[in-house]
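Undergrad: could you look at this predicted model? Sequence included:
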Amino acid sequence: MYLLFLASLALIFILNVYVSIPTLWLLLWIPAIAVVILNPTRKATMIIGMVCTVLMVVAEFVLRQNFIHPEEAVQLLVTGAVGWAVFLMASLSLIKSRKLIKRLRGLALTDPLTDIHNRRYLELYMEKAIPICQRNDDPMTLIIFDIDHFKSINDSYGHNAGDMVLKKVAEVVKRMIRHSDVFIRTGGEEFIILLPSCPLQQGIKLAERIRKEIESTSFTYKETRIWVTVSMGITEYIRGQDLHQFIERADQALYRAKNSGRNRVVAI
Ligand code: GH3
Ligand code: MG
Ligand code: MG
């Protein structure tokens, strides 16, 4: 793209040598906008704007052997100003819409209560992660966990207390995992932690640490201590599985953890 920018500059320069019409310099702003599309920042807008204006003025002086008629100078100035204004408006609205798209994308992939990612994010992430994992023969482990007897927390202390528990559980887990791990609220009081480049045994150790940390964390709502535990299912990725099958296997382990007394980690 930058090569295209230089090629367009050369073309515009040559065109101006043969057809000496100052308004032709407006063409210069087309590649300039292309650069801002590639690099949508205010800094890039300012730099490119300056570069184009300086280029235009210097080129005109060189082409006219250092003499510009006052009328032509005014025409050149107006051309430069109009070009600048159109370029600035186009660039700034481009930067604004890019920011908006980024923000909307963030909102679409984030759970509003806990501020962690949602299931849609996991699906998008796994579209890329599964082929990479299979190609590099890299281990990948998935933990699915669910808060025990969460309904009775809601029933006993109210929905707000339940929300507070969900937020705090997410905060505890966020502190304990790596930046490269993927933490998802799949819905209700169920979460997934995806551990890339992590074999099952290492994942079990982390799951056990998280389970104990949640058990010993003090959840207090209106000065009442709420006891919170989680059950966890964990499994390692098997070559050829899709996301659904991978989660299904971890879900079976979670089911066993629930049925064998809760507040435990079960691996399959
Ligand atoms: P188990 O140990 O078998 O997991 O039992 P449980 O009570 O945790 O599971 P159950 O599926 O019976 O209840 C889950 C409850 O979670 C029911 C639902 O109202 C509540 N819930 C789902 N989403 C939210 C939420 O965003 N906030 C709150 N406060 N409660 C929620
Ligand atoms: Mg539950
Ligand atoms: Mg549940």
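TA: Sure thing, it's come through. Ligands and ions are numbered 1, 2, ... in the order given.
Undergrad: contacts, neighbours, all on C-alpha from now
TA: Will do.
Undergrad: the protein: strands as residue ranges?
TA: 117-118, 140-147, 182-187, 190-196, 219-221, 224-226, 230-236, 265-267 (DSSP state E).
Undergrad: close to ligand 1: what parts of this structure are there?
TA: Residues of the chain lying close to ligand 1 by Cα under 6 Å from any ligand atom are 146-152, 154, 159-160, 162-163, 188-189.
Undergrad: with neighbour count, distance to residue 54 and pLDDT added, can I get the residues you listed in a markdown table?
TA: Putting these into a markdown table (neighbours: other Cα atoms under 10 Å; distance: Cα to Cα, whole Å; pLDDT from 0 to 100) gives the following:
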| residue | neighbour count | distance to residue 54 | pLDDT |
| --- | --- | --- | --- |
| 146 | 25 | 63 | 98 |
| 147 | 22 | 64 | 98 |
| 148 | 20 | 68 | 98 |
| 149 | 13 | 69 | 98 |
| 150 | 18 | 66 | 98 |
| 151 | 13 | 68 | 98 |
| 152 | 11 | 71 | 98 |
| 154 | 15 | 67 | 98 |
| 159 | 13 | 63 | 97 |
| 160 | 12 | 61 | 98 |
| 162 | 21 | 62 | 98 |
| 163 | 17 | 58 | 98 |
| 188 | 11 | 59 | 97 |
| 189 | 19 | 60 | 98 |
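Undergrad: now do the contacts for the residue of the stretch 151-268 of the chain found nearest ligand 2.
TA: Here the residue of the stretch 151-268 of the chain nearest ligand 2 is residue 189; by Cα to the ion that distance is 5.8 Å. By Cα atoms under 8 Å, 6 or more residues apart in numbering, the contact set of residue 189 is 146, 147, 150, 166.
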